[in-house]
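S.K.: Quick one, what's the 3D model for this:
(one chain, ligands or ions: 3)
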Amino acid sequence: MPAIPQIDPTSGAAPEIQPDLPITSANITPAFDPNEVTVVYILGGPGSGKGTQSANLVRDYGFKHLSAGDLLREEQNREGSQYGDLIKSYIKDGLIVPMEVTVKLLENSMRTALDSKDKQSRFLIDGFPRKMDQAVFFEQSVCPSKCTIFLDAPEDVMLERLLERGKTSGRSDDNEESIKKRFKTFIETSMPVVDMFRQEGKVVSVSALGSIGEIYTKLVEELAKRGISPTK
Ligand SMILES: Nc1ncnc2c1ncn2[C@@H]1O[C@H](COP(=O)(O)OP(=O)(O)O)[C@@H](O)[C@H]1O
Ligand SMILES: O=c1ccn([C@@H]2O[C@H](COP(=O)(O)OP(=O)(O)O)[C@@H](O)[C@H]2O)c(=O)[nH]1
Ligand SMILES: [Mg+2]
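M.R.: Numbering: from 1, shown residues only. Ligands and ions are numbered 1, 2, ... in the order given. Below you'll find the predicted structure:
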């Protein structure tokens, strides 16, 4: 794994990082074969309902749920982690943690699931990729995705949901100041990833307005059009 650049201790500024190697399809073979491993991403703004709808999809489609945010928070709290402070600072500011950290956490979790007794090989990756470099790197070096579910909600609805969640979540970023920063990052940094996958015809877009049940019903219909059906 390449060295992780550190935050500037005085300004707290996030370092811009570049992969050590120029990424070309010629020098990278994915770690997992897409004929054996299924990757579906679920993206959408903060508070759009990714975690909520993921729980439904896990129940009905036999996915293993991998939330990039949860993995980062776990790593942040892991005793002895060299990335704890870095992750903490990025999350509070709504910035995207350098991709080497997140990709490694995801890849490790996938490997563990594949090596487990029940050999889980269908992954629902929640809240990732949120930046173009992560998307390109993961697709080329870990596993190309089958499709991306995009939950579409306006900011006022997401803000209301996140402020409500913040009453009990204990998350450092569920406050108005951090939420505004997360919205900015989402528009400027994450939407280009969704747009790229959309151009490739790989996005299943669903309005995230309405009740949890109504949204899920539409999602199931849209997935069926792509030939993705519940396993139970
Ligand atoms: N359709 C919905 N209507 C109202 N509240 C919702 C809906 N979907 C999710 N929520 C709530 O909104 C908050 C954010 O949902 P969550 O699934 O955590 O979103 P994300 O993972 O995209 O940030 C949670 O408190 C969740 O219970
Ligand atoms: O690939 C990722 C996914 C998440 N995050 C960080 O983790 C935070 C919380 O992400 P999560 O998906 O848990 O938030 P949600 O959108 O579900 O509210 C983000 O704002 C980022 O700071 C990141 O750096 N890289
Ligand atoms: Mg979430």
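S.K.: Could you use CA atoms for every contact and neighbour count after this?
M.R.: Fine.
S.K.: Quick check: buried residues in the helix of greatest length in the chain?
M.R.: The helix that spans the most residues within the chain, counting by DSSP state H, is helix 99-115. Using 16 or more other Cα atoms under 10 Å as the test for burial, helix 99-115 gives 99-103, 105-107, 109-111, 113-114.
S.K.: Check which helices and strands it is in contact with.
M.R.: Judged by 3 or more Cα pairs under 8 Å, 6 or more residues apart in numbering; DSSP states H and E, helix 99-115 is in contact with strand 64-67, helix 68-77, helix 132-141.
S.K.: how about a cut-off of 7 Å?
M.R.: The contact analysis (3 or more Cα pairs under 7 Å, 6 or more residues apart in numbering; DSSP states H and E) places helix 99-115 against helix 68-77.
S.K.: Is any residue of the following helix or strand past the helix it packs on near ligand 1?
M.R.: Sequence order places helix 84-92 as the next helix or strand after helix 68-77, per DSSP states H and E. No - using Cα under 6 Å from any ligand atom, helix 84-92 stays clear of ligand 1, coming no nearer than 12.9 Å.
S.K.: In terms of secondary structure, what does the strand or helix carrying Glu222 contact?
M.R.: Glu222 belongs to helix 212-225 when assigned by DSSP H and E. Applying 3+ Cα pairs under 7 Å, 6+ apart, one finds that helix 212-225 makes contact with strand 203-207.
S.K.: What's the mean pLDDT across the strand it packs on?
M.R.: For strand 203-207, mean pLDDT rounds to 98.
S.K.: Taking helix 212-225 as reference, get the angle to that strand.
M.R.: Angle, strand 203-207 to helix 212-225, by axes from the mean of the first three to the mean of the last three Cα atoms, to 10 degrees: 150 degrees.
S.K.: next one: strand 203-207 to chain centre, how far?
M.R.: On the basis of Cα atoms, centre = their mean, to the nearest Å, strand 203-207 is displaced by 16 Å from the centre of the chain it belongs to.
S.K.: Which residues does that strand contact?
M.R.: The contact list for strand 203-207, computed with Cα atoms under 7 Å, 6 or more residues apart in numbering, reads Cys147, Thr148, Ile149, Phe150, Leu151, Asp152, Ala153, Phe197, Ile215, Lys218, Leu219, Glu222.
S.K.: farthest-separated two in the residues you listed?
M.R.: Phe197 and Ile215 (21.3 Å; Cα to Cα).
S.K.: Please name the residues that touch Ser169.
M.R.: With Cα under 7 Å, 6+ apart, Ser169 has no contacts at all.
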